[in-house]
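J.: Structure for the following, please:
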Amino acid sequence: MSAELSGFRRFLHWGPITALSIIKCITLTTLYMNSMWWPPNLSILAFLNQALFLMLSSAATFNYVMATVIGPGILPKQWQPQDSKAIEFLQYCKLCEGYKAPRSHHCRKCNRCIKKMDHHCPWINHCVGWANHGYFTLFLTFSVLGSFHGFIILCGAFYRGIYRFWYLTHGLAYLATVQLTMWSLIICIFAMGLAVGVVIALGMLLYFQLKSIVKNQTAIEMWIIEKALFRRHHNTDLEDFVFPYDLGSKQNFKQVFKSEYVALGSGIDWPIREGCDEYTLTMITA
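T.: Numbering: from 1, shown residues only. From the prediction side, this is the model:
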């Protein structure tokens, strides 16, 4: 898979097709069941309930599309630092015929060096990195919240539908609003299963992404740090390792999320903590 696929061509892959299908299946099924369970024209609370669900679903879809289309930020081929003296501290990528900028790594799937690469995600058919990390994290957040909200609506509608006959025979006809057919029952149960799966799977991924953001460490950098600490555990002569990009939780968070809704900086030059330089981490990996 080439990293140079432009725009919406990235969606022509099993990952994005599957992800968008899951989002739409949960959304459309929830709206259909909600129209019988708690229709928005019933009251102001009913309207707000559906409006909130639509907002979460739309936000999840928007951030998913942005994470996919914008991409992680690709380091130009044959890239070299402006300061030629920095070359001795950088790794050379034979495939891209250039040097790897600090925090950049080569992705075998994309076949390019990626700025601040975290991981390659088949669901967006791209890497998660410097430029789209914020969008990807927001996609996870809204997907988990929207799926949880949808699951509650589906459960309420399912319960009403299952007990419809009981409501009718016990003088509670006003609650017998959900009429389940064989197909709507199957689709409702299927959508409930998808919603639970999304909450669990993406919830776990969201936890690790938030942990990564707070520490300002990508998944690759966590592995590098672990390796550096392991070396120092077995060789006490080595000086203590200090991760250069940890600026404190608040500043780390701002590295990913900005009010302008765009990635911070260039993806090549990074602010560092006192006592380190921008090549501290690259020298560890050498």
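J.: use CA for all of it now, contacts and neighbours both
T.: Noted.
J.: Please enumerate the helices of the stretch 151-286 of the chain.
T.: Using DSSP state H, counting those that start in this stretch, the helices of the stretch 151-286 of the chain run over residues 164-169, 182-215, 219-234, 249-256, 280-285.
J.: nearest to Leu48, of the ones you listed?
T.: For Leu48, the closest of those is helix 182-215, at 20.6 Å, according to Cα to Cα.
J.: Summarise which helices and strands that closest one is packed against.
T.: Judged by 3 or more Cα pairs under 8 Å, 6 or more residues apart in numbering; DSSP states H and E, helix 182-215 is in contact with helix 14-37, helix 133-162, helix 249-256.
J.: looking at those helices, which is buried most?
T.: helix 133-162 (a mean of 22; mean count of other Cα atoms under 10 Å).
J.: what angle separates that one from helix 14-37?
T.: 40 degrees (axes from the mean of the first three to the mean of the last three Cα atoms, to 10 degrees).
J.: tell me the angle of helix 133-162 relative to helix 249-256?
T.: Using the same axes, to 10 degrees: helix 133-162 against helix 249-256 is 90 degrees.
J.: Give me the mean pLDDT for helix 133-162.
T.: Here helix 133-162 scores 98 as its mean pLDDT.
J.: Work out the gap between it and the centre of the chain.
T.: 16 Å (Cα atoms, centre = their mean, to the nearest Å).
J.: same check, this time on stretch 230-249
T.: Using Cα atoms, centre = their mean, the offset of stretch 230-249 from its chain centre is 29 Å.
J.: Same check on stretch 229-241?
T.: 34 Å.
J.: Then stretch 176-185?
T.: 34 Å.
J.: cool, and stretch 77-95?
T.: Worked out by Cα atoms, centre = their mean, stretch 77-95 lies 30 Å from the chain centre.
J.: Which of the helices and strands packed on helix 182-215 sits closest to Phe53?
T.: Among those, helix 133-162 comes nearest to Phe53, with 6.1 Å by Cα to Cα.
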